[in-house]
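Colleague: Sharing a model prediction with you, sequence too.
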Amino acid sequence: MRKLLGMGISLELARLVQLGLNHEQQHQELIVTDIKHAFWSQPLQPTYLETKATLGKASKLEWHQLPGGVVEIGYGGDGFSFDNECPRHEVLLKPFRLASRLVTNAEYMEFMNDGGYRRPELWLSDGWDTVCQQGWEAPLYWEKEGERWTQFTLAGVREVDPSEPVCHVSYYEADAFAHWSGKRLPLEGEWESASAEVSIDGQFTETRDFHPKAANGGNGLQQMFGYVWEWTASAYLPYPGFRPAPGVVGEYNGKFMCNQFVLRGGSCATPQSHIRASYRNFFPPHARWQFMGIRLAADEC
């Protein structure tokens with residue numbers, strides 16, 4: 001690759017190389033999540049990377065009122081973006097509220113203790129079928145030891161910290177928790193419009209601590225980028241005017257636009273240089289092995 005790039009290449013080939021580099025960043029993130037699942041599946045559950053557990057204290061949950069209206073979403077800059085982030089277009093949003101931080105383990109345990117995994121009225125039909133078939137009782141990697149919950153991390157097995165963001169939950173679990181809370185998940189247009197003026201800093205792969213930490217306080221919307229991918233209520237569909245590129249490159253995102261939901265914001269396994277407000281990740285609703293969590297939204301009072 002160095003020899004090729006040093007020879008001088010066409011604009012078309014340069015764009016293909018740029019796509020390949022960004023795709024490799026996605027692979028690096030998936031390798032981290034795959035290692036975690038593989039190590040968890042082993043009888044001895046080995047440690048990947050030693051890090052110290054630090055007990056945090058979650059910020060107080062606050063609600064931010066956002067005006068809605070006609071807003072533009074999608075990538076509109078001059079740099080790189082994936083084809084599924086385009087074209088930039090207008091959407092109409094009703095006024096809404098967005099939680100100031102991610103849902104914590106303590107809040108999710110309240111849902112569990114209230115019979116969340118045993119109450120079919122909280123679940124989508126397909127989600128309830130999955131709960132029954134898979135025997136879900138808690139997020140992935142959680143295990144009950146006596147009266148306490150532990151979770152497997154890339155630094156080994158740890159007791160669940162109540163202040164940390166709940167992680168490794170499916171869309172079905174996120175939706176059921178939102179239903180139980182009397183709230184909902186945000187639309188991807190709501191999430192993107194709210195994050196447009198938020199600086200892209202947080203816990204990313206560069207920290208070398210592949211486990212989400214508690215919100216550390218501050219004003220405004222916290223944990224919008226990094227920590228855990230945030231489920232939205234939006235199905236993964238093409239934007240108005242989207243057309244897949246010809247050839248193999250056109251299969252990169254377009255052929256997955258079915259039976260999946262959009263996630264936003266990146267996680268502690270995402271490179272910081274890889275994420276932006278318009279970035280659209282997507283997974284099927286039953287998936288749990290990625291670093292995925294919950295931020296609540298609500299309609300205007």
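Modeller: Everything's here; your move. Because the structure is a prediction, the values reported are computed rather than measured.
Colleague: hey, where'd the helices end up in the chain?
Modeller: Using DSSP state H, the helices of the chain run over 2-6, 11-41, 105-113, 125-134, 171-181, 188-195.
Colleague: Figure out which of those is closest to residue 75.
Modeller: helix 188-195 (10.2 Å; C-beta to C-beta). All C-beta atoms are positioned from the backbone trio N, CA, C, and that covers glycine.
Colleague: The closest residue to residue 232 other than its chain neighbours and residue 10, how far apart?
Modeller: Take residue 232 and drop its neighbours on the chain: the residue closest to it by C-beta to C-beta, 6 or more residues apart in numbering is residue 188, 4.4 Å away. In this structure, residue 188 and residue 10 are 35 Å apart, going by C-beta to C-beta, to the nearest Å.
Colleague: Compare the two (neighbour count), which wins?
Modeller: residue 188 (24 against 8; other C-beta atoms under 10 Å).
Colleague: From one end of stretch 261-271 to the other, what's the distance?
Modeller: 22 Å (C-alpha to C-alpha, to the nearest Å).
Colleague: Would you mark the buried spots in it?
Modeller: 261, 262, 263, 264, 265, 266, 267, 268, 269, 270, 271 (16 or more other C-beta atoms under 10 Å).
Colleague: who's in contact with the last one?
Modeller: When the contact criterion is C-beta atoms under 8 Å, 6 or more residues apart in numbering, the partners of residue 271 are 25, 28, 29, 204, 205, 206.
Colleague: Nearest spatial neighbour of the second one, chain-adjacent residues omitted?
Modeller: Residue nearest to residue 28 in three dimensions, not counting chain neighbours: residue 271, with 6.9 Å by C-beta to C-beta, 6+ apart.
Colleague: And the first one, by the same measure?
Modeller: Distances taken as C-beta to C-beta, 6+ apart place residue 274 nearest to residue 25, at 4.6 Å, with adjacent residues excluded.
Colleague: any idea where the strands of the protein begin and end?
Modeller: For the chain, the strands defined by DSSP state E cover 63-66, 69-73, 89-93, 96-99, 142-145, 148-153, 156-159, 229-235, 261-264, 281-283, 292-293, 297-299.
Colleague: will you turn these into TSV that also has distance to residue 119?
Modeller: Output for those, formatted as TSV (distance: least, C-beta to C-beta, whole Å):
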stretch	distance to residue 119
strand 63-66	25
strand 69-73	35
strand 89-93	31
strand 96-99	22
strand 142-145	19
strand 148-153	19
strand 156-159	26
strand 229-235	20
strand 261-264	22
strand 281-283	24
strand 292-293	21
strand 297-299	21
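Colleague: Between those, which one is closest to residue 82.
Modeller: Comparing the strands of the chain under C-beta to C-beta, the one sitting nearest is strand 281-283, at 10.0 Å.
Colleague: gap between that closest one and the chain center?
Modeller: A distance of 8 Å separates the centroid of the chain from that of strand 281-283, by C-alpha atoms, centre = their mean, to the nearest Å.
Colleague: and it, what does it pack onto?
Modeller: Judged by 3 or more C-beta pairs under 8 Å, 6 or more residues apart in numbering; DSSP states H and E, strand 281-283 is in contact with strand 261-264.
Colleague: Recalculate using a threshold of 10 Å.
Modeller: Contacts defined by 3 or more C-beta pairs under 10 Å, 6 or more residues apart in numbering; DSSP states H and E place strand 281-283 against strand 229-235, strand 261-264.
Colleague: quick one: strands adjacent to it?
Modeller: strand 261-264 (antiparallel) (DSSP bridges).
Colleague: Report the mean per-residue pLDDT for the strand it pairs with.
Modeller: Average pLDDT, strand 261-264: 98.
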